[in-house]
Structure formats: C-alpha cells, structure tokens
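> I need the structure of the sequence given here:
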Amino acid sequence: MKKIIYLFILCSLFYTCEDVIDVNLNEAEPRLVIEASIDWYKNTTGNEQSIKLSLSAPFFDEIIPPANDALVEIIDSNGNTFSFLEENNSGIYKTNNFTPIIDEMYTLVINYDNEVYTATETLKSVVPIDYIEQNDEGGFVGDEIEVKVYFTDPADIDNYYFFEYYTDFSDTPSLDVAEDRFIDGNQIFGFYSEEDLEPGNELTIRHFGVSKQYYEFMFILLQQGSDDGGGPFETQPATVRGNCINITNEDNYPFGY
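Coordinates of the predicted model:
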C-alpha cells in the first residue's frame, strides 16, 4: 500500500494543466506614429523619398491603421518646400523631387486631424564601407554565421552610426547603433549574427550616418525592445519620445522620429 501511495504522489508531480486566461489591457486614444527617415543612398539622386504615418493600436490588434488624408511637407533652411502625397490610402506619403544636401537642416510639417506636428533634423553623411568579412564562429556558442562590416571613422569628429540588416528569410530587419566615443579615427566594424542564416541566403546591409539625437533615441528604443528588456507585458521604464512635437496640442504628442 505504501508503494502505491508513493507512486501516485510521484506521478502527480509531473502532471500539468492548461487554462486560458483573458488579459484585459488598458486602451488609450490612438496617437499619430511618424516614420520620417530621409535616406540618400549612394549612387542615387535621393529625389525619391517617403514618409509613413500610422496610428497606435491595441496590443493584440494585428492590423496597424494608416493615418490618411494628412498634409505632409518638408522645408529646408532656404525655404524650399517639398510636398509629400499619399499613395492609395496607405499612409505612405511620397515625393519624387526632394533635394538632399549633406549637413542641411530640414523641418518636417504634418497637418493631421486639424493638428500640426513638426520636427527638425540634419542630413548627415557617412563614410564608405571598407570591406565585409564573414566567419562561421558567431553567436553565443560559436556555431552561427557572423558578418562584420568594417569602416574607418573620421578622426576628431563626433560620429554616430545606424545599421540595418535585411535577410531574404525575414520581413523584420535587425537594427543597431554605434558611436565613436572610444574608437575615434580608427577602423571599426558593425556585426550581424543570426542562427537561421545559412550559405546561399541574401543579406542586405545599410550603413547610415545619423545625428547624436537620433542615436540616443534609437539606443533607448532598441534597449527597451530587446530580449533583455523583459516580457511583452512588462511596463516600459519610460515612453521613448522622438523629436516630433504637436504644436497644436502638446498633450497629444506623437510617437516616432
């Protein structure tokens, strides 16, 4: 009898149950989300640019609603205005006559839902990539393909960098930022490693020069969104605010940069 009781208790230790729990999350009024990255790729004129406007949505929603019917324009320091027109109610606003100038300051102006949003930023240059190196000893245990992107940082100038890594097996890019505080004037590298990366996959690497303000924004955003930042239901330490402001109603501030 004692053996039977002992075996029953032992088996019960490995018995698991499953239950469905409905999580009720607080919902806030939608806010405008601004993705206005003006990128001038090498060997292009930079005339074609796009800006994405969307609205914040509840956590479990699978569809991100676009922000339609906005008036979008960018103005340079000489007063030249570039208008962006929405494409097919997509929330994507495009222009094909933009004039990019390195170190020029541009002001974004958005009129949406009877409120005006603005942001100001400077177009920064970036040094060319020297070369790219691949090895098969990346990752935590050294069994992943790792790609290093080498470039030479200009000496005696504060520089900030942003990287995008796109693969042909994922719709989501890997992002990273870097600064030259401890490596000024030296050859340095950004690196990408992914356990699913295999010989034959295509990897697109984009290397940007950015402002200190954008570097700090992305650094905090990437920290909070990383695997080390807690679970999906963990409250973020603070709302990551970009450089976009609502000059009509400051309490209804936008997300994005």
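> which stretches of the stretch 1-150 of the chain form helices?
Per DSSP state H, counting those that start in this stretch, the stretch 1-150 of the chain carries helices over the ranges 2-12.
> how about stretch 193-210: buried residues?
For stretch 193-210, burial by neighbour count (16 or more other C-beta atoms under 10 Å) applies to 193-194, 197, 203, 207-210. For glycine as for every other residue, the C-beta is placed from the backbone atoms N, C-alpha and C.
> list just the nearest of these to Gly46.
Of all those, the one with the least separation from Gly46 (C-beta to C-beta) is Phe208, at 13.0 Å.
> residue contacts, the closest one?
Phe208 sits next to 39, 124, 126, 161-164 when contact means C-beta atoms under 8 Å, 6 or more residues apart in numbering.
> repeat that for 6 Å
The contact partners of Phe208, taken as C-beta atoms under 6 Å, 6 or more residues apart in numbering, are 126, 162.
> backbone phi and psi for it, please?
With angles defined as degrees, to the nearest 10, Phe208 sits at phi -120, psi 150.
> between the buried residues of stretch 193-210, which sits nearest Ser170?
Nearest member of the buried residues of stretch 193-210 to Ser170, counting by C-beta to C-beta, is Glu194, at 8.3 Å.
> pLDDT wise, what is the closest one at?
For Glu194, the pLDDT comes out at 86.
> do Ser56 as well
At Ser56, the model reports a pLDDT of 93.
> go on, the one 4 residues further on?
At Phe60 the predicted local distance difference test score is 81.
> distance of it relative to Ile21?
13 Å (C-beta to C-beta, to the nearest Å).
> stretch 27-41: which residues count as buried?
31-34, 36-38, 40.
> average pLDDT for stretch 85-93, rounded please.
Rounded mean pLDDT across stretch 85-93 is 97.
> and the longest helix along the chain, what does it pack onto?
Assignment by DSSP state H gives helix 212-225 as the longest helix of the chain. Judged by 3 or more C-beta pairs under 6 Å, 6 or more residues apart in numbering; DSSP states H and E, helix 212-225 is in contact with strand 174-179.
> what is the burial count for Ser76?
For residue 76 the amino acid is Asp, not Ser. 17 (other C-beta atoms under 10 Å).
> shaky segments in this protein?
Where the chain drops to pLDDT under 70, the residues are 1-17, 23-26, 226-238.
> what's the domain layout of it?
32-124+239-256, 129-210 (automatic domain parsing).
> possible to save the ones you listed as TSV with distance to Glu216?
Putting the domains of the chain into TSV (distance: least, C-beta to C-beta, whole Å) gives the following:
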stretch	distance to Glu216
domain 32-124+239-256	10
domain 129-210	9
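> for Ile220, find the nearest of the ones you listed.
Per C-beta to C-beta, nearest to Ile220 of the domains of the chain: domain 32-124+239-256, 5.4 Å.
> now do the contacts for Asn252.
So Asn252 contacts Asn246 (C-beta under 6 Å, 6+ apart).
> on that earlier part again, TSV please, covering the buried residues of stretch 193-210 and showing secondary structure and distance to Glu48.
Below are the buried residues of stretch 193-210 laid out as TSV (DSSP: H, G, I helix; E, B strand; the rest coil; distance: C-beta to C-beta, whole Å):
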residue	secondary structure	distance to Glu48
Ser193	strand	32
Glu194	strand	30
Leu197	coil	30
Leu203	strand	24
His207	strand	20
Phe208	strand	17
Gly209	strand	20
Val210	strand	20
